[in-house]
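Asks: Could you look at this predicted model? Sequence included:
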Amino acid sequence: MTTITFNKQKHQYDVVNKVFRLNEKDVRFDTEYSVVNPATGQAKQFKFIESTGSEWDPNTKWIYKSDDGLSLEVSNDQAITEKRADAYLAHKLRN
């Protein structure tokens with residue numbers, strides 16, 4: 001499990017929809033996250049539920065849920081996704 005200390009400069013929280021939003025460049029990929037509130041020290045645990053698309057799509061979001069209904073979305077970063085796709089293709093085309 002990866003621990004994320006919530007940072008208002010890098011992360012977003014949508015109060016209405018109860019969704020934390022992060023970019024993949026700010027966290028390493030994991031199937032479970034713990035998001036810590038730095039003011040209180042309290043944490044919420046999130047488990048991977050689904051993705052909205054392929055790992056090669058820069059618009060894909062990785063969706064995680066907590067036991068009490070909060071969501072965490074980790075969005076693919078366009079530059080990182082393009083580099084990964086190019087490296088994968090180059091590797092597959094090697095002979």
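Replies: Looks like it arrived, so ask away.
Asks: quick one: what helix or strand has the residue nearest to residue 51 when sequence neighbours are not counted in it?
Replies: Distances taken as Cβ to Cβ, 6 or more residues apart in numbering put residue 62 closest to residue 51, at 5.2 Å, once the chain neighbours are dropped. The way it works is simple: take the backbone N, C-alpha and C, and place the C-beta from them, glycine included. Per DSSP states H and E, residue 62 falls inside strand 61-65.
Asks: And that strand, what does it pack against?
Replies: For strand 61-65, the contact count by 3 or more Cβ pairs under 8 Å, 6 or more residues apart in numbering; DSSP states H and E identifies strand 43-51, strand 71-75 as packing neighbours.
Asks: Just the buried residues of that strand, please?
Replies: Residues of strand 61-65 classed as buried: 61-64 (neighbour count, 16 or more other Cβ atoms under 10 Å).
Asks: In a markdown table: the residues you listed, plus distance to residue 46 and pLDDT.
Replies: Converted to a markdown table, the buried residues of strand 61-65 look like this (distance: Cβ to Cβ, whole Å; pLDDT from 0 to 100):
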| residue | distance to residue 46 | pLDDT |
| --- | --- | --- |
| 61 | 13 | 97 |
| 62 | 10 | 98 |
| 63 | 9 | 98 |
| 64 | 4 | 98 |
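Asks: surely residue 43 meets residue 5?
Replies: No - using Cβ atoms under 8 Å, residue 43 makes no contact with residue 5, being 9.3 Å away.
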